[in-house]
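Colleague: Prediction below, plus the sequence it came from.
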Amino acid sequence: MVTIRTSAAFAATIAVAALVAPVAAQAPASTGSVRGVVTDKEFGAPIPGAAVTVLGTRARVTTADNGSYIVPNLPEGVYTLVITKDGFVREVRPNVRVGGGALVDADVVMAGEFEDMEEFVVQDMVLGGEPLERQELVVPDTFEPILVIPPIDFQLRLEAPQLLNVLNVEMITRSGASDAAAALLMVPGASLQDGKYAVIRGLPDRYVATLLDGVRLPSADPDVRAVKLDQFPAAIIKSIQVSKNFTPDQQGDASGGAVNVELRDMPDEGYLRISSQVGFNSQVQNGQFLTYKGAGMDFWGDNNVLAQQPDLAGQSWPNNPTGTEFGDAPMIYKWNVAAGDSWEVDDGVKVGAFGNFFYEQDASAYDNGQLNTLMQVGPGSQLSPRPVQQAGIDDFKTELFDVTQGTTSIQWGGMGALGLETEEHTLGAKFLYTLVSETQAIRLIDTRGAEYFRPGYDPSDPASPGYFDFFKAPWNRLETLSYSQLSTQAVILNGKHVLGALGPGDEPEVPEVATFLAPVVDWRFSLSKAEETLPDQTQFGAIWTPTIIPGLLPEGWTGYPPAQNSQSGWVNHINYGTSESSTQGALNLKLPFLQWEDREGYVKAGGFADVVDRTYTQSTFANTLDPNTFYQAPFDDPWSLVFPGQVHPINPVESDINYDGSQDIIAFYGMADIPFAETMNLVTGVRFERTVIDTQVTPDSPTTIWVDPNTGLPRDFTAGTADANAAINSDNFLPMVGWNWNITEQLVVRAAFAQTIARPNFFEIVPVLQYDYVGGPIFIGNPALQLSSLDNYDARIDWMPFTDWLVSGSVFYKTMQDPIQYVSRFAQFGGFQYTTAENFPSGSLLGIELESRVTMGPILGEEWEGLKFGANFTYMESQVELPQDQKDAWALYGLPQDTQQMTQTPEYLVNLNATYDHEPTGTQFGLFYNYRGDALVSGGVPNTVELTPAIYQLGYGTLNFTMSQAIIDGLRLSLNAKNLLNPVITTEYQTPNGITGLNSSYTAGIDFSIALTYQIAF
C-alpha cells in the first residue's frame, strides 16, 4: 500500500490558493493586433482587395469591400506594413509597434499610379513577454479580413534560416513535463542520454550545443561537459528551440543540433502565479525504501552526517554510517511562486521584471535491479560470468549483482529577470541559481555467482556441492552511501540595438541592386559557475563464507576491497569535488538589406569567446591497516551496520589523482542570407573556431597508480605526469551553405551542407578511475583523444495545408573523421572490466525524419478544433570503421569485424501525442508516447580467446497522461500519470554472431501527481 503524506509547505500553499481563489484572473496577454482602413488619396474612397503584408512574418490579409483590414495574433514587437494594390503606389508603414493585448490603428492612404512597385522590408521583430497563445479578438462587424497566419511556433520554423523545431510553453504544460529534459522528448529526433543530457538525431552530448538563454553553461558533473537539463524546472521555461543543422552563428560543435532553453522574461501584464503538486511513485513505499542512518536532509537540502573526519585519522569513525537499511519513504512534492510586471515609464519606454522561486522534493527506488559482468570464451560459446580478482582456478570473485537502490533529492532555486525596451533598444539581465541535493543508498548482493559455478550449493548444508570451495565465487555484498550537492549559478546580460540613425529613413527608394537598412547589434555576456561536492561517499565491501569448522572457522564476513579499491581498503570514505566556471561573451552585427525585388536579406558577422576552468579533487580515507578483518554473523546480519561501533582505524590513502582542466574557445564568423529569384534564399558563411584544451593531473605521490586505458596495465608517475596529461590545440574553418525555397507561403524546402567539429570532455581525457558506486561500471579517460570533424548534409520539406497543420519530412547524412567511440575492455591488473573512449578512423550516419501535426477542426468541424494529434518518426543507420588493432583482434578471435554502430545512436525514435482542449469547460487532456530504439553503449574488444562483448541499451517506450481542469477563473487542477507502461530498462551484452546476455536491468516505477495552480493578474 502506498501512503501519501501532506507537508506543511504543501498545506500552506493550498491555503494561500484557497484564500485568493475568489479573485478573477486572466493569463498575461502576449499578442496584439493591427487594424485600419485603406483609402484612395485622390477620392477618399475605400480600396477593396489591397494586400496588407506584415513583413518579417507570414501574416497577409486582404482589405474588405469597405477598405478595412485587421491582422490579429501578432507577437509583441515592432513591424513594417507593406500595402500593395494594382494601379496604386506601394505604401510602407514602418515602426508599427504592437503591444500585448493592444489593438493598434494603422490607416493607409494610397496614391494611384500605373506602374508596378516593389515591396519594402521590415526590421527584425522583437519577441518577448509571456508564452504565446492564440486569443480571441473583438472584431467590428464591418471588418472582414481574409487571413492566413500560422501559429507562432510554425511561423518561426518556416522562416528560420536553419532547420528549426520550436516547443512552446503550451505544449510543455500539456505534456506534464516537469523540466527541460522531459519536455525535450517531444521534439522529433530528440532523446535523452542518462535521462538528462540532450541527444539530437542520435548524436549524444558532444555533438549537441546545449544553451540556456543562448549561453553555454558550465557543468560540475564529473562525467560530462554537457548541462543536466533536468535541473531546469518547467516553471522558468518560456520555450525550447532545437536547431538541427549548423549555421556559422552557432557553436562549432552543433553537429547534431543546438538546444536553446529560453527562460521567461518580463511579462506584458502583471501577474502572480502559485502552484503546488503532490505525488507518489509506485516503487517508493514506506518500510521498503533503501536508505542509511542519518540520510535525511533539512529544508534546504543540507546533511552533515556523511562527512570525512581527518582529525580522527588513525582512529575509528563511530559517527559515520557504513551500511544500508530500509526505512520510510520521503514525500514527493513541489511548489513554485512566480510574479512579474512591466511598466511604460515614458513614451515608448517599457521596463519590467520577473521572478520565480521553485522547490521540489523527489524520490526514486527499485529493488529489482540486476548488474552482471559477463564474457565469452570462444566465438561459439554462450556468455558466462567473468571471474574477477582471480588468484587461482578455484579462487575468484564474480559480479552477478542483485541491485537495490533508494534516492532522495531536494531541488530549489530561483530566477530573476529585469528588462528595458524602447522602439530600437532592448536590454536584459537574468540571474539563475539552482541547488540539487541528493542522498542515495545502493546495495549490491552477489549470490548468483555461486549458483553458476557451484550448482546446488546450500550454505546451510555442508554436504551440498561446492560447500568447501568457499573462495570460488563466494557470496558478497557491496554498499555505497552518498550525499551530494550540485549548484549552478549564472548571470546573463544581453542587449539588442537597432541603429535607426544609420538606416535609409522611413521611405527608402526602390534599390537598383540592394539598399542596406538599419543595422542591428546584439550582444551577450555571462558569468556562470557550477559546483558538485560529495563530502563523504562511503563504500563497504565484504564476502561471506559458511561455517567451515564449527567453533574454529565459523560463518561470517571478511573484508573485500573490489578491484577499483584494490589500493585502499574494504571500507572507503571518499571526498569528491568538481568546480567549473565559464566566462562567455558574444557580439553580432546584422546588416539587413533590401534587394532589387524588394525581398529581405542580411549580412551578419560576429565573435564569440568562452573561457572554461575546471578543478577536480579526490581525497580518500580507508581502513588500510585494519587488524579486525572478520565478523562472525549469518548472511542476513550484515557487517556494515555494526562496523562504526567496532574498532577500525581509518587512515588517509595516497592513491588519489586530482586534475585541473581548461578549455578556451575563440570564434569569428561571417554569413549572409541572400534572396534570389522570387522565392529562394541562399544562406552561406564560414566560422573560424580555435579550441585549446589542457589538463594537468596531480597524483598524491609519484607511486600513485593509474591505468593505461589502451592496455589496461598499471603505470605510476615516477617518470612524471606528461603521459597522463591531455593537450588539444586545434584551428578549424567551418563553412556552411544552405538553400531555402519558399514554393508557397505554406510549402518550404530546405537543403544545407556544413562542416562541424566534436570535442572530448574532461571526463574522457583524464586517466582517473571513475565510477558512481562501488561495484558499478568503471570508466577510465584517454589523454590521447583528439577532436572529431564532421561533414553534414541536410534536406527538409515543411508543408502547412491548413492552419495548425504541419507535414514534414527530412533526410540527413553525416560523415565523420576520428569519431569518439566508447569501448569495453578488461584490465588484467586488478581483474576488472572498464570502459574507455577512443578515436576511430571514420564513420557515417544516415537518417530520415517524418513529422505530422494535425488539428481535427478542418475535418470534423469547429467543435473539434481542440482535438490535435502529433506524430514523428526518426530512423537512423550508423557505422564507424574499427581501428586496425581492433580489426586484428577480431580476426584473431575468429569473428572478423570491420565496423560497428556509433555509440549512443538509437536505431529509431517514435513520438506520438494526442491532446484535447475544450474551451467552454476549460478541460484539457493529453496523451504522450515516446519510444527509443536499441543503441550501442560501448563496443566490445576481444583479447585472444576472451571477448568483452559490446553493450547495448535495449529499446523501450514511455507513456504519459495529463489532465487539466479549470475550477474557477485563475484556478486550475491538474492530474498527471507518467511512465504508465513501467518498462524494464535493460542493457544487454551482444556478440557479432547474435549471442546475448543480460548486463543490467531495473524499472523506474509509475509516477502519479495532482497539482493546483492559481494565477491572478494585476
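Modeller: Nice, I can see it.
Colleague: Going by C-alpha atoms from here, please, whenever you check contacts or count neighbours.
Modeller: OK.
Colleague: Moving along the chain from the lowest-mean-pLDDT helix or strand in the chain, name the first helix or strand you hit.
Modeller: Lowest mean confidence among the helices and strands of the chain (mean pLDDT, DSSP states H and E): helix 8-20, at a mean of 33. Downstream of helix 8-20, the first helix or strand assigned by DSSP states H and E is strand 31-40.
Colleague: so what secondary structure elements neighbour that following strand?
Modeller: Other elements packing on strand 31-40 under the criterion 3 or more CA pairs under 8 Å, 6 or more residues apart in numbering; DSSP states H and E are strand 68-75, strand 91-98, strand 103-105, strand 108-110.
Colleague: 6 Å - rerun?
Modeller: The helices and strands touching strand 31-40, judged by 3 or more CA pairs under 6 Å, 6 or more residues apart in numbering; DSSP states H and E, are strand 68-75, strand 103-105, strand 108-110.
Colleague: Minimum distance to residue 762: which of the ones you listed has it?
Modeller: Nearest to residue 762 among these is strand 68-75; the distance by CA to CA comes to 42.1 Å.
Colleague: I'd say residue 416 and residue 353 touch.
Modeller: No: judged on CA atoms under 6 Å, residue 416 makes no contact with residue 353 at a distance of 7.4 Å.
Colleague: any common contacting residues for the two?
Modeller: Here residue 416 and residue 353 have no joint contacts, going by CA atoms under 6 Å, 6 or more residues apart in numbering.
Colleague: which residues in the protein form helices?
Modeller: 8-20, 152-159, 169-175, 180-184, 448-453, 762-765, 857-860, 884-893 (DSSP state H).
Colleague: For the second one, give the mean pLDDT please.
Modeller: This points to helix 152-159. In this model, helix 152-159 has a mean pLDDT of 50.
Colleague: what bridges to residue 335?
Modeller: Beta-bridge partners for residue 335, by DSSP bridges, are residue 276, residue 359.
Colleague: going forward can the numbers begin at 55, since that is how I track them
Modeller: With the count now opening at 55, the last piece we talked about shows up as residue 389.
Colleague: Report the separation between it and residue 869.
Modeller: 46 Å (CA to CA, to the nearest Å).
Colleague: Over to residue 595?
Modeller: Look at residue 595 and residue 869: by CA to CA, they are 46 Å apart.
Colleague: Counting neighbours, go ahead and name the busier of those two.
Modeller: Remark: of residue 595 and residue 869, residue 595 carries more neighbours, 27 against 19, as counted by other CA atoms under 10 Å.
Colleague: Wait, that one touches residue 534, no?
Modeller: No: counting by CA under 6 Å, residue 595 stays clear of residue 534, with 9.0 Å between them.
Colleague: shared neighbours of the two, anything?
Modeller: Common contact partners of residue 595 and residue 534 (CA under 6 Å, 6+ apart): none.
Colleague: Stretch 302-317: end-to-end distance?
Modeller: Chord length of stretch 302-317, first to last residue, is 24 Å (CA to CA).
Colleague: model confidence over that stretch, on average?
Modeller: Average pLDDT, stretch 302-317: 86.
Colleague: One more: stretch 259-269?
Modeller: 81.
Colleague: now that stretch, how far from the centre of its chain.
Modeller: In terms of CA atoms, centre = their mean, to the nearest Å, the centre of stretch 259-269 is found 9 Å from the chain centre.
Colleague: and if you look at stretch 515-535?
Modeller: How far stretch 515-535 lies from its chain's middle: 43 Å, per CA atoms, centre = their mean.
Colleague: got it, and stretch 538-553?
Modeller: The chain centre lies 18 Å from the centre of stretch 538-553; the measure is CA atoms, centre = their mean.
Colleague: and residue 769, what is it in contact with?
Modeller: Counting by CA under 6 Å, 6+ apart, residue 769 makes contact with 759-760.
Colleague: Quick check, residue 461 in contact with residue 491.
Modeller: No: between residue 461 and residue 491 there is no contact under CA under 6 Å: 10.5 Å.
Colleague: Name the spans of the stretch 255-404 of the chain whose pLDDT lies under the cut-off.
Modeller: Applying pLDDT under 70 to the stretch 255-404 of the chain flags the ranges 256, 274-281.
Colleague: Which stretches in it count as strands?
Modeller: 262-266, 291-297, 311-317, 325-335, 343-346, 378-381, 386-400, 403-426 (DSSP state E, counting those that start in this stretch).
Colleague: Would you list the phi and psi of the residue lying closest to residue 555 once chain neighbours are set aside?
Modeller: Using CA to CA, 6 or more residues apart in numbering and skipping the chain neighbours, the partner closest in space to residue 555 is residue 572 (7.3 Å). Dihedral angles of residue 572 (phi, psi; degrees, to the nearest 10) stand at phi -60, psi 130.
Colleague: What number of residues are in the vicinity of residue 572?
Modeller: Residue 572, neighbours per other CA under 10 Å, totals 22.
Colleague: Tell me who's in contact with it.
Modeller: Residue 572 neighbours (CA under 6 Å, 6+ apart): 553-554, 556-557.
Colleague: Buried ones among those?
Modeller: Using 16 or more other CA atoms under 10 Å as the burial test, the contacts of residue 572 include 554, 557 as buried.
Colleague: pLDDT and distance to residue 481 for the contacts of residue 572 - can I get that in JSON lines?
Modeller: Formatted as JSON lines, these follow (pLDDT from 0 to 100; distance: CA to CA, whole Å):
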{"residue": "553", "pLDDT": "90", "distance to residue 481": "14"}
{"residue": "554", "pLDDT": "84", "distance to residue 481": "17"}
{"residue": "556", "pLDDT": "84", "distance to residue 481": "20"}
{"residue": "557", "pLDDT": "76", "distance to residue 481": "21"}
